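Q: Give the three-dimensional model of this entry:
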Amino acid sequence: QLVESGGGLVQPGGSLRLSCTASGFTLEHFAIGWFRQAPGKEREGVLCISMSNGSDDCLDSAKGRFTIFRDNAKNTVYLQMTSLEFEDTGVYYCAAGEARYSIVHGIHDYRGQGTQVTVSS
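A: Predicted coordinates:
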């Protein structure tokens with residue numbers, strides 16, 4: 001399973017680091033993506049992807065503000081978020097898949113329950 005943690009309440013412009021920890025399987029062999037679901041909206045497309053080959057990428061609104069990275073020794077993938085905005089509020093999920101295509105197209109072998117991030121002054 002995957003378990004997210006690290007969410008909370010943060011002011012605009014602040015930072016948070018989310019964690020996605022795997023148990024029962026080795027996260028190192030999977031592509032991992034972070035997603036967000038804003039209140040009252042459907043889950044957005046993938047924010048950031050970490051590939052098993054070490055290639056990491058963040059897309060669209062996350063690019064330049066969010067960073068994804070792994071600690072294979074801890075079986076954990078992190079999402080470092082900076083310059084947070086009101087629009088970043090939502091439940092953040094991580095998911096594991098075989099490849100980038102899997103992550104992007106929702107073919108997930110594992111998916112966590114999410115952690116709440118609230119950006120508010």
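
Q: Surely Phe69 and Asp56 touch.
A: Yes - if you go by C-beta atoms under 8 Å, Phe69 and Asp56 touch, sitting 6.3 Å apart. To be clear about C-beta, it is placed using only N, CA and C from the backbone, and glycine gets the same treatment.

Q: overlap in contacts of these two?
A: Ser50 (C-beta atoms under 8 Å, 6 or more residues apart in numbering).

Q: Glu28 and Glu87, how far apart?
A: Counting by C-beta to C-beta, to the nearest Å, the gap from Glu28 to Glu87 is 32 Å.

Q: no wait, Ile107
A: For Ile107 relative to Glu87 (C-beta to C-beta), the value is 27 Å.

Q: cool, Gly54 as well?
A: 30 Å.

Q: now swap in Gly40 and tell me
A: In terms of C-beta to C-beta, Gly40 sits 13 Å off from Glu87.

Q: neighbour count winner among the two?
A: Glu87 (11 against 6; other C-beta atoms under 10 Å).

Q: In three-state terms, label that one for me.
A: Judged by DSSP: H, G, I helix; E, B strand; the rest coil, the three-state class of Glu87 is helix.

Q: Touching, it and Pro39? I think so.
A: No - assessed by C-beta under 8 Å, Glu87 is found out of contact with Pro39, at 10.9 Å.

Q: the strands in this structure, which residues?
A: With DSSP state E as the criterion, the chain has strands at 2-5, 8-10, 16-22, 31-37, 48-50, 56-58, 66-71, 76-81, 90-97, 110-111, 115-119.

Q: Relative to the first one, what are the paired strands and their orientations?
A: According to DSSP bridges, the neighbouring strands of strand 2-5, each with its direction, are strand 16-22 (antiparallel).

Q: now the partner strand: how far from the chain's centre is it?
A: 7 Å (C-alpha atoms, centre = their mean, to the nearest Å).

Q: tell me the angle of it relative to strand 76-81?
A: 160 degrees (axes from the mean of the first three to the mean of the last three C-alpha atoms, to 10 degrees).
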